[in-house]
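# Need coordinates for the following:
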Amino acid sequence: MTMLRSRLGIMMFLQFFIWGGWFVTLGTFLGSNLSASGGQIGMAFSTQSWGAIIAPFIIGLIADRYFNAERLLGVLHLAGAGLLFALYRSDDFTAFYPLVLLYMILYMPTLALVNAVSFRQMTDPAREFARIRVWGTIGWIIAGLVISFVFSWDSGASIEAGALRYTFLMSAIASLLLGLYSFTLPATPPRAERGSQLRDVLGLDALKLLRDRHYAIFFVASILICIPLAFYYQNANPFLADIGMTNPTGKMTLGQLSEVLFMLLLPLFIKRFGIKLTLLVGMLAWSLRYLLFAFGDADGVAFMLLVGIALHGVCYDFFFVSGQIYTDARAGEHVKSSAQGMITLATYGVGMLIGFQVAGWITEHFANAGATDWQSIWLFPSLFALGVLVLFALLFKDRQGSGVSTDR
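Next comes the predicted model:
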């Protein structure tokens, strides 16, 4: 069992090393090396959302019916390695965009595939999965540390010299390794019946949850809070690099470290204070972190930036992870999986798609003559998150007041 867990841990490590190896620095690379506008950078980040929207079709209509999960995982990562290499060689945004769009359409389904391979080998997923999934977070952290502290690709002169291009080459090599490694993983044959209805595959039965007024309020808030989330993914690394913070990508791994810590604290917080307060704390953390970004700088008050980065664990875990827990509790037994698919599609698909577009427009609006008004850029998502928080506090009701509601 220990050997199997190690093999699955290696899979998770590579899966998220690949993503963290280029996605964090994408905005900096596009702005500095391909002269992309704010709108174009938003388009590039939006490919994640298009991938999330299309992923259920690939998994539900293909993987769950016809192919072993580990084999499809291998094929997608081998194809991804070729696309990442092509991105490494791209010289302008016109050539770059279709390649990154196709790559994310292939990559996003692999997130579900690595989970499927893992869960099928476990006897007690609730106890075992966290020990395996944490290696994915470690992979993301290591990728950031390699970029900043081993190769220094994200430091001033290196950025100007185009060194961030090598992040795609590094990720391509890791994708090639995972593609080949996937074929050695335990067999994970399809389980779904080939005659399953499309509504089952896409989780449409879970839409009945929206008849509950309070769940519908949570659902809309989840989509809206993705707008501030998109600002972090799209702008944090370019912002830190632009104001002169050294090794910004490595320092951003503080966010993943805090994510692990607050993931452990989350169940205790929900049990003690209830789901509503947990969600409100998550939204407040989004507003606070952007306020810290707006008034912090790389010199005298750099601690404000580091605190803002470290708040990522509260921002993400206390809203998005607790939201998944709340969704699971509200869903009936027969639509639990569909409900998770629905909320994931709404947030990483629709919500992030809107968020990246808004972040692109706002960033472009406050970038004039080569100078970027970062304070105004960060104040927008800070105030937006605060507005969502106020509306949610007024309209949402946690029926039990403590723990997670289960009455339907």
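
# Buried residues in stretch 386-393, which are they?
Residues L386, V388, L389, F392 are the ones in stretch 386-393 that count as buried (16 or more other CB atoms under 10 Å). Heads up, the C-betas are built off the backbone N, CA and C, glycines and all.

# Tell me the helices and strands packed up against the helix or strand harbouring the third one.
Read that as L389. Assessed by DSSP states H and E, L389 sits inside helix 374-395. Here helix 374-395 touches helix 213-242, helix 275-295, helix 352-365, going by 3 or more CB pairs under 8 Å, 6 or more residues apart in numbering; DSSP states H and E.

# could I get the buried residues of stretch 386-393 as JSON lines with distance to I362 and pLDDT?
Compiled in JSON lines, these are given as follows (distance: CB to CB, whole Å; pLDDT from 0 to 100):
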{"residue": "L386", "distance to I362": "16", "pLDDT": "98"}
{"residue": "V388", "distance to I362": "16", "pLDDT": "97"}
{"residue": "L389", "distance to I362": "19", "pLDDT": "98"}
{"residue": "F392", "distance to I362": "22", "pLDDT": "97"}
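
# before we move on, the earlier item: how far out from the middle of the chain is the helix holding L389?
Averaged C-alpha coordinates place helix 374-395 at 20 Å from its chain's average position (CA atoms, centre = their mean, to the nearest Å).

# Now do the buried residues in stretch 228-246.
For stretch 228-246, by 16+ other CB under 10 Å, it's 228-243, 245.

# Ok, stretch 89-106 next?
Quick answer for stretch 89-106 (16+ other CB under 10 Å): S90, F93, F96, Y97, L99, V100, L101, L102, Y103, M104, I105, L106.

# Next: stretch 23-38.
23-34, 36, 38.

# before we move on, back to that, pull the helix holding L389 out as CSV, backbone CA atoms only.
Taking C-alpha atoms only, helix 374-395 is exported to CSV below (Å, rounded to 0.1, in the frame of the first residue of the first chain):
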residue,chain,number,x,y,z
TRP,A,374,-1.7,49.0,-9.6
GLN,A,375,-3.4,50.7,-6.6
SER,A,376,-6.5,51.4,-8.7
ILE,A,377,-6.4,47.9,-10.2
TRP,A,378,-6.3,46.2,-6.8
LEU,A,379,-9.0,48.5,-5.2
PHE,A,380,-11.5,47.3,-7.7
PRO,A,381,-11.6,43.6,-6.7
SER,A,382,-11.2,44.6,-3.0
LEU,A,383,-14.4,46.7,-3.1
PHE,A,384,-16.1,44.2,-5.3
ALA,A,385,-15.5,41.3,-2.9
LEU,A,386,-16.7,43.6,0.0
GLY,A,387,-19.9,44.2,-1.9
VAL,A,388,-20.5,40.5,-2.5
LEU,A,389,-19.8,40.0,1.2
VAL,A,390,-22.4,42.5,2.3
LEU,A,391,-25.1,41.2,0.0
PHE,A,392,-24.4,37.6,1.1
ALA,A,393,-24.5,38.5,4.8
LEU,A,394,-27.9,40.1,4.3
LEU,A,395,-29.5,37.5,2.1
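
# Quick one: work out the angle between it and helix 275-295.
160 degrees (axes from the mean of the first three to the mean of the last three CA atoms, to 10 degrees).

# Could you check the angle helix 374-395 makes with helix 213-242?
170 degrees.

# quick one, helix 374-395 and helix 352-365 angle?
Using the same axes, to 10 degrees, helix 374-395 lies at 140 degrees relative to helix 352-365.

# contacts for helix 374-395?
217-218, 221, 224-225, 227-228, 231, 235, 239, 242-243, 279-280, 283-284, 286-291, 293-295, 359, 362-363, 366 (CB atoms under 8 Å, 6 or more residues apart in numbering).

# List only those of those residues flagged as buried.
Buried by 16+ other CB under 10 Å: 217-218, 221, 224-225, 227-228, 231, 235, 239, 242-243, 279-280, 283-284, 286-291, 293-294, 359, 362-363, 366, out of those.

# Need the helices and strands packed on helix 374-395 in JSON lines (columns: distance to G313).
Output for the helices and strands packed on helix 374-395, formatted as JSON lines (distance: least, CB to CB, whole Å):
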{"stretch": "helix 213-242", "distance to G313": "13"}
{"stretch": "helix 275-295", "distance to G313": "9"}
{"stretch": "helix 352-365", "distance to G313": "19"}
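
# I343 is nearest to which of these?
helix 213-242 (6.5 Å; CB to CB).

# Check the offset of the closest one from the chain's centre.
11 Å.

# circling back to that earlier point, out of the helices and strands packed on helix 374-395, flag the one nearest S155.
Of all those, helix 213-242 comes closest under CB to CB, at 8.2 Å.

# and the next element down the chain from the closest one?
Counting by DSSP H and E, what follows helix 213-242 is helix 248-251.

# CA atoms only: put that next one into CSV for me.
Backbone C-alpha positions of helix 248-251 (Å, rounded to 0.1, in the frame of the first residue of the first chain) are rendered in CSV as follows:
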residue,chain,number,x,y,z
PRO,A,248,8.2,36.9,-6.8
THR,A,249,7.2,33.4,-8.0
GLY,A,250,9.0,31.7,-5.2
LYS,A,251,7.5,34.0,-2.6
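
# so what secondary structure elements neighbour that helix?
Here helix 248-251 touches helix 125-145, helix 213-242, going by 3+ CB pairs under 8 Å, 6+ apart.

# Please repeat the previous calculation with a cut-off of 10 Å.
Applying 3 or more CB pairs under 10 Å, 6 or more residues apart in numbering; DSSP states H and E, we find helix 248-251 packed against helix 125-145, helix 213-242, helix 302-310.

# can I get these in JSON lines with distance to T327 and mean pLDDT?
Output for the helices and strands packed on helix 248-251, formatted as JSON lines (distance: least, CB to CB, whole Å; pLDDT from 0 to 100):
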{"stretch": "helix 125-145", "distance to T327": "17", "mean pLDDT": "87"}
{"stretch": "helix 213-242", "distance to T327": "8", "mean pLDDT": "95"}
{"stretch": "helix 302-310", "distance to T327": "27", "mean pLDDT": "95"}
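
# In space, what's closest to the most centrally placed residue in the chain - neighbours in sequence excluded?
Central residue of the chain (CA atoms, centre = their mean): Y348, 7.4 Å from the mean position. In this structure, Y348 finds its nearest non-sequential neighbour in A52, 4.1 Å apart by CB to CB, 6 or more residues apart in numbering.

# so where's the chain uncertain?
1, 60-61, 63-64, 126, 191-205, 333-338, 369, 399-408 (pLDDT under 70).
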